[in-house]
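Participant: have a look at this fold, sequence not included:
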């Protein structure tokens, strides 16, 4: 056994030798976890708990506005939002801040051809790369100066996450109160017949513009298409109603919420409006 | 430990010995039957590299944030009602009302809910910072690859806690964010529609969805996180903490290259830089 001396030890042998050296070093000249490292850990943990309590306190005291209105927006947002209402006519889908990067990623890809990349594709690839990191970078080198590729990758990752989160945080929210002011403008540029007016008002207030753009208004969230000239596709009133009732039924994989709760009359108004939208002139 | 006496022990010495045995009895009892005392002693008095720094407290800070979430979460669960049905007296959803009740009426309820809400963000931030530290230190390399993977899974589970917990107040923002979030899950190939259907518990988001999210949020995912954290800590203790890579005395550093023999004619063998070769040898190791 082992009669032939190896020219150069293999990578795993080198790694094992280094780890054995590490273990011996720590045993010989390390310091006990308690009290040294544990002291630092305890201080840090106390800071964390204090920060959490501080945020909770700031949330309450700054939101506790005039007349003790719990929905008053403070520094960190209102304490209580209005209750969920599936039949609502106005909403802005907004995730917690650590999902903003995903939220914004979906704007980069366009429905329907490539939205799949934004919802599943890119996040899955990123997760696989993250899990696979120790197998992609198998050198033993740990010094930053000797790991240029890793450093560039780290900087790019942090930058892109930061930019996506920032863009997601500052993305335009199309508020119903602002969008409804645009309706006369729509009537003018689209030459909408008067029959399409109730639908236009509904479109402006029912939250459609949270994701869709229309004649320059609205928010193209989640890769939702522009609807300025949706009428030129002549999809028909019936199709529009069926689509609004259950988008994924007629358009498999659509992430659009169901609007069946608006009721038949309002759905019909919306469909008339959409069919009348032949593009801005 | 029993002391041996050359002479007959005095009454005071005997009494002292009996007292010591009495005080130590519960610990000795536990140790004999479980070995737990030895385990804790090993955990506390194991050596870590002498050059660990403040950046290496981020992991334990994230653990603390998780414990805050666990404790405040248990308290919230005592007052929260996961029901989407409408309270006939007020016309508001029951879940939303219970959140308002916690915020406005339960003693210190605002603090517990506030800590849970903001602690979630702190937990996520600390996990990301901890991951960044591990990346900078190259601490995911052999033999710690598995622990990196466990850490990534904890991060994913933590974000799933965020996703499921967001719906529970049953307010407008939460509801519509979850509608869209679930629909996005549905766009995944193969499993997507099935997953969306499972999360919704039906065709539409409603009471079924809320109870599902509640169960996932406080039973399934926390159990998974606790299991993963246990494994994570076991691996940290077993494999040890890395020195900062820039440290001059990093544990496990390469022995220095042999100097050219011509430079120092008298010296045939370089002084080994490995552990225990120098003055440090005189110092006792751990405390036990």
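Facilitator: That came through fine. Just so it is clear, the structure is predicted and the values come from calculations on it, not from any experiment.

Participant: what's the helix or strand for the nearest residue to residue B:54 once chain neighbours are set aside?
Facilitator: If the residues on either side of it in the chain are set aside, residue B:54 comes closest to residue A:40, at 6.1 Å by Cβ to Cβ, 6 or more residues apart in numbering or on different chains. Using the backbone N, CA and C atoms, a C-beta is placed for each residue, glycine as well. When secondary structure is defined using DSSP states H and E, the element that contains residue A:40 is helix A:38-63.

Participant: is the residue nearest to residue B:54 in contact with residue B:55, as I believe?
Facilitator: No - applying Cβ atoms under 8 Å as the test, residue A:40 and residue B:55 come out as separate, 10.0 Å apart.

Participant: still on that earlier bit, and the helix holding residue A:40, average pLDDT?
Facilitator: Across helix A:38-63, pLDDT averages out at 94.

Participant: with stretch A:210-218 instead?
Facilitator: Regarding stretch A:210-218, the rounded mean pLDDT is 78.

Participant: repeat that for stretch B:60-74.
Facilitator: 98.

Participant: any buried residues in the following helix or strand past the helix holding residue A:40, and which?
Facilitator: Per DSSP H and E, the first helix or strand lying C-terminal to helix A:38-63 is helix A:100-108. Within helix A:100-108, the residues that qualify as buried are A:100-107, counting by 16 or more other Cβ atoms under 10 Å in any protein chain shown.

Participant: distance from the helix holding residue A:40 to the middle of the chain?
Facilitator: Mean-position distance between helix A:38-63 and its chain equals 27 Å (Cα atoms, centre = their mean, to the nearest Å).

Participant: and residue 93, how many neighbours?
Facilitator: Reading this off chain A. Using other Cβ atoms under 10 Å in any protein chain shown, the number of residues around residue A:93 comes to 23.

Participant: looking at chain B here, not the other one
Facilitator: Per other Cβ under 10 Å, the neighbour tally for residue B:93 reads 24.

Participant: ok, it - contacts?
Facilitator: Contacts were defined as Cβ atoms under 8 Å, 6 or more residues apart in numbering or on different chains; by that measure residue B:93 touches A:83-84, B:83-87, B:170.

Participant: before we move on, what about residue B:131?
Facilitator: B:151-152, B:155.

Participant: okay, now the unreliable bits of the stretch 151-288 of chain B?
Facilitator: Within the stretch 151-288 of chain B, the stretches with pLDDT under 70 are B:256-288.

Participant: cutoff 90 now
Facilitator: Scanning the stretch 151-288 of chain B with the threshold set as pLDDT under 90 gives B:172-197, B:200-206, B:247-288.

Participant: kindly report the same for the stretch 101-250 of chain A.
Facilitator: Of all residues in the stretch 101-250 of chain A, those with pLDDT under 90 make up the ranges A:101-123, A:140, A:167-238, A:242, A:244-250.

Participant: if we can go back for a sec, quick check: buried residues in the helix holding residue A:40?
Facilitator: Quick answer for helix A:38-63 (16+ other Cβ under 10 Å): A:38, A:40-41, A:44-45, A:48-49, A:51-53, A:55-56, A:59-60, A:63.

Participant: same check, this time on stretch B:172-191
Facilitator: Under 16+ other Cβ under 10 Å, the buried positions of stretch B:172-191 are B:172-188.

Participant: stretch A:234-252 now?
Facilitator: Neighbour counts over stretch A:234-252 (16+ other Cβ under 10 Å) mark A:235, A:239-248 as buried.

Participant: just curious, which of those residues is nearest to chain B?
Facilitator: Within these, the smallest distance to chain B is 6.7 Å, found for residue A:248 (Cβ to the nearest Cβ).

Participant: buried stuff in whichever strand or helix holds residue B:61?
Facilitator: For residue B:61, the element it lies in under DSSP H and E is helix B:58-79. Taking 16+ other Cβ under 10 Å as the neighbour-count basis, helix B:58-79 is seen to contain the buried residues B:58-69, B:72-73, B:75-76.

Participant: from these, which are also near chain A?
Facilitator: On the criterion Cβ under 8 Å from any Cβ of the partner chain, B:58, B:60-61, B:63-65, B:68 are the entries of the buried residues of helix B:58-79 that sit beside chain A.

Participant: what sits against the residue of the stretch 151-288 of chain B found nearest chain A?
Facilitator: Of all residues in the stretch 151-288 of chain B, the one sitting closest to chain A is residue B:252 (2.8 Å; Cβ to the nearest Cβ). Neighbouring residues of residue B:252 by Cβ under 8 Å, 6+ apart: A:18-19, A:21-23, A:25-26, B:243.

Participant: out of those residues, flag the one nearest to residue B:20.
Facilitator: Within these, distances to residue B:20 taken as Cβ to Cβ reach their minimum at residue A:26, with 32.9 Å.

Participant: give the contact list for the closest one.
Facilitator: By Cβ under 8 Å, 6+ apart, the contact list for residue A:26 reads B:47-49, B:240, B:251-252.

Participant: just residue B:199 next, same as before
Facilitator: For residue B:199, the contacting residues are B:182, B:185, B:209, B:212-213, taking Cβ under 8 Å, 6+ apart as the criterion.

Participant: also residue A:275?
Facilitator: For residue A:275, the contacting residues are A:230-231, A:234-237, A:240, taking Cβ under 8 Å, 6+ apart as the criterion.

Participant: same thing but 10 Å
Facilitator: For residue A:275, the contact set (Cβ atoms under 10 Å, 6 or more residues apart in numbering or on different chains) comprises A:196, A:199, A:230-237, A:239-240.

Participant: got the residues you listed as a markdown table, with distance to chain B and secondary structure columns?
Facilitator: Written out in a markdown table, the entries for those read as follows (distance: Cβ to the nearest Cβ, whole Å; DSSP: H, G, I helix; E, B strand; the rest coil):
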| residue | distance to chain B | secondary structure |
| --- | --- | --- |
| A:196 | 26 | helix |
| A:199 | 21 | helix |
| A:230 | 20 | helix |
| A:231 | 25 | helix |
| A:232 | 26 | helix |
| A:233 | 22 | helix |
| A:234 | 27 | coil |
| A:235 | 21 | coil |
| A:236 | 24 | coil |
| A:237 | 24 | helix |
| A:239 | 20 | helix |
| A:240 | 19 | helix |
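
Participant: can you map out the strands along the stretch 1-150 of chain B?
Facilitator: According to DSSP state E, counting those that start in this stretch, the stretch 1-150 of chain B carries its strands in the segments B:47-48.

Participant: quick check: the residue of it nearest chain A.
Facilitator: Across the stretch 1-150 of chain B, the shortest distance to chain A (Cβ to the nearest Cβ) belongs to residue B:114, at 2.7 Å.

Participant: wait, doesn't that residue sit right on residue A:62?
Facilitator: No - with contact defined as Cβ atoms under 10 Å, residue B:114 and residue A:62 do not form a contacting pair (11.3 Å).

Participant: joint contacts of these two?
Facilitator: Jointly contacting residue B:114 and residue A:62 under the rule Cβ under 10 Å, 6+ apart are A:76, A:79.
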